[in-house]
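Novice: based on what follows, work out the 3D shape:
(chains A, B, C and D)
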Protein chains: 2
Amino acid sequence: MSKNHSPRKKQFLDESLKMIHEKGYKATTMRDLAERMGFEVSNIYNFIESKEALLESYLFQISEDFHSGIDHILESSYSPTEKLKALVSLNIRLTSTKPYQVGLLVNEWRNLKEPKLTRFVERRGEYEDKVRIIIREGIDSGEFRPFDMDIITHAVLSSVRWIYYWYTDHSEEVNPVELEKQLTEFILSGVVRPEAKNSIKRT
Amino acid sequence: MSKNHSPRKKQFLDESLKMIHEKGYKATTMRDLAERMGFEVSNIYNFIESKEALLESYLFQISEDFHSGIDHILESSYSPTEKLKALVSLNIRLTSTKPYQVGLLVNEWRNLKEPKLTRFVERRGEYEDKVRIIIREGIDSGEFRPFDMDIITHAVLSSVRWIYYWYTDHSEEVNPVELEKQLTEFILSGVVRPEAKNSIKRT
DNA sequence: ATATTAGGTGAACAAATGTTCATAAACCGG
DNA sequence: CCGGTTTATGAACATTTGTTCACCTAATAT
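Specialist: Numbers count the residues shown, from 1 in each chain, chains lettered A, B, ... in the order given. Sure thing, here's the model as predicted:
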């Protein structure tokens, strides 16, 4: 067994991650990866067990990051609104740290094979349930509007799902503080100005 | 050349669409499709030119549907807020009519090959620009909050991108009217109650 | 009745793909 | 200098994949 991170292995893992993000898992062949690294295909198997195992490690790593992040939020004494803010913050922090892993999390999880696929989907379900808990709290306490639980959970999750794109394909520099502020404002208060809302109601 | 839609061809196109949505384009082989239809692989080529052309037709069809939809909205005399509402409505209408196509639009466009890939990405860019116009109008008129254009455009687009999931994987019955109401409320006004917002400010 | 078209078969193909194996430099701590 | 670990090669492999071709059958329109 090779120790976890020889410099060359780390380099390979980083490049592969990027390439899989760019081309997609299925479209990225072992020969593509080898060519990118400048060596022969067979050498890959000195670093990893299989293509499948490669994807698995990326996905479950980042998945657990999100879990431990949201667990801390749930255990906090924050109000629902503050928890939701913390959730946006978590998403931006993790995405800025590991943008390509987050990209895989969004796009490539379906390439997992059984039984890992089932395990992943279950784990993702657990994460969604944790988000649901925050929203449930907010609605019950009257802090949030009385939305349909499933719809609003999906809407909130979806609102932060595109962030990885900002950090990967969008080459310009990103200001995470501003991003967090804007996204939080959108999720908490929507796009319409309160004054404008009133004037519409009056009309 | 076969005429556009013999009954068997239509049946094949429908089943293929579903299967590609379920397994992903790359993971769906011609033999998979044939087996699902209960005939041999070679027969597929009596209906379509190639696997590639199959994906292209699905994607550009639905893409143009979205374009003609948003064009009507832009040409209308609606206020920015009403245009945004109409955009949500458009998304729900198209997604409820063609849920699997919308699924492909979200997940499988990257499997297009050049030069179609470039054309698709350009076209998608044009669509995003049209959304941007609505938001720009709203901000300029003071109806919307003064958000960063790129961030808010992505956030809005992202908020409606998950709907297909509701119609494909989520087997329970969907009430499109309620979905539209809730999603519109979320995008326009966010999750937090205005009263709650005030009480937080006061505290 | 005949010619055309829609629907279908089975074999074959070249190319691409993930993986294995035996082998060999190169590097490095002792 | 030695022995182990790291990094690399190249050939070979069994499968899988998209596609083609010659050929067949049944319906349908003229």
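
Novice: going forward, measure contacts between C-alpha atoms and count neighbours the same way
Specialist: Fine.

Novice: which residues of chain A fall in helices?
Specialist: A:7-23, A:30-37, A:51-75, A:80-97, A:99-107, A:116-140, A:149-160, A:163-168, A:176-189, A:194-202 (DSSP state H).

Novice: mean neighbour count, those: which tops it?
Specialist: Most buried of those by mean neighbour count (mean count of other C-alpha atoms under 10 Å in any protein chain shown) is helix A:99-107; its value is a mean of 22.

Novice: how about the helices of chain A in TSV, adding distance to B:Trp109 and mean pLDDT?
Specialist: Shown next, in TSV, are the helices of chain A (distance: least, C-alpha to C-alpha, whole Å; pLDDT from 0 to 100):
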stretch	distance to B:Trp109	mean pLDDT
helix A:7-23	11	96
helix A:30-37	21	97
helix A:51-75	21	98
helix A:80-97	23	97
helix A:99-107	12	97
helix A:116-140	23	98
helix A:149-160	19	97
helix A:163-168	15	94
helix A:176-189	26	97
helix A:194-202	38	56
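
Novice: next, format those helices as CSV and append distance to DNA strand C.
Specialist: Output for the helices of chain A, formatted as CSV (distance: least, C-alpha to the nearest atom of the strand, whole Å):
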stretch, distance to DNA strand C
helix A:7-23, 11
helix A:30-37, 4
helix A:51-75, 4
helix A:80-97, 26
helix A:99-107, 16
helix A:116-140, 14
helix A:149-160, 30
helix A:163-168, 23
helix A:176-189, 35
helix A:194-202, 53
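
Novice: skipping its backbone neighbours, what lies nearest A:Lys9 in space?
Specialist: Excluding its sequence neighbours, the residue lying closest to A:Lys9 (C-alpha to C-alpha, 6 or more residues apart in numbering or on different chains) is A:Phe47, at 5.7 Å.

Novice: now do A:Ala27
Specialist: Nearest residue to A:Ala27 in three dimensions, chain neighbours excluded: B:Lys26, at 7.5 Å (C-alpha to C-alpha, 6+ apart).

Novice: ok, that neighbour - how many residues close by?
Specialist: 15 (other C-alpha atoms under 10 Å in any protein chain shown).

Novice: list the residues that contact it.
Specialist: By C-alpha atoms under 8 Å, 6 or more residues apart in numbering or on different chains, the contact set of B:Lys26 is A:Lys26, A:Ala27, B:Asn111.

Novice: mind doing that once more with 10 Å?
Specialist: Applying C-alpha atoms under 10 Å, 6 or more residues apart in numbering or on different chains, we find B:Lys26 in contact with A:Gly24, A:Tyr25, A:Lys26, A:Ala27, A:Asn111, B:Ile20, B:Lys51, B:Glu108, B:Asn111.

Novice: can you redo these as JSON lines with distance to DNA strand D?
Specialist: Below are the contacts of B:Lys26 laid out as JSON lines (distance: C-alpha to the nearest atom of the strand, whole Å):
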{"residue": "A:Gly24", "distance to DNA strand D": "15"}
{"residue": "A:Tyr25", "distance to DNA strand D": "14"}
{"residue": "A:Lys26", "distance to DNA strand D": "10"}
{"residue": "A:Ala27", "distance to DNA strand D": "11"}
{"residue": "A:Asn111", "distance to DNA strand D": "12"}
{"residue": "B:Ile20", "distance to DNA strand D": "10"}
{"residue": "B:Lys51", "distance to DNA strand D": "4"}
{"residue": "B:Glu108", "distance to DNA strand D": "14"}
{"residue": "B:Asn111", "distance to DNA strand D": "11"}
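
Novice: farthest pair within the residues you listed?
Specialist: The distance between the two most remote of the contacts of B:Lys26 (C-alpha to C-alpha) is 19.6 Å, for A:Asn111 and B:Lys51.

Novice: residue contacts, the residue nearest to A:Glu52 when sequence neighbours are not counted?
Specialist: Nearest non-adjacent residue to A:Glu52, counting by C-alpha to C-alpha, 6+ apart: A:Leu112, 7.2 Å away. Contacts of A:Leu112 were listed using C-alpha under 10 Å, 6+ apart, and they are A:Tyr25, A:Glu52, A:Ala53, A:Leu55, A:Glu56, A:Leu59, A:Thr118, A:Arg119, A:Phe120, A:Val121.

Novice: nearest to chain B among those residues?
Specialist: The closest of these to chain B turns out to be A:Tyr25 (C-alpha to the nearest C-alpha; 9.5 Å).

Novice: distance of the spatially most central residue of chain A from B:Glu185?
Specialist: In chain A, the C-alpha nearest the mean C-alpha coordinate belongs to A:Val102, at 4.1 Å (C-alpha atoms, centre = their mean). As judged by C-alpha to C-alpha, to the nearest Å, A:Val102 and B:Glu185 stand 28 Å apart.
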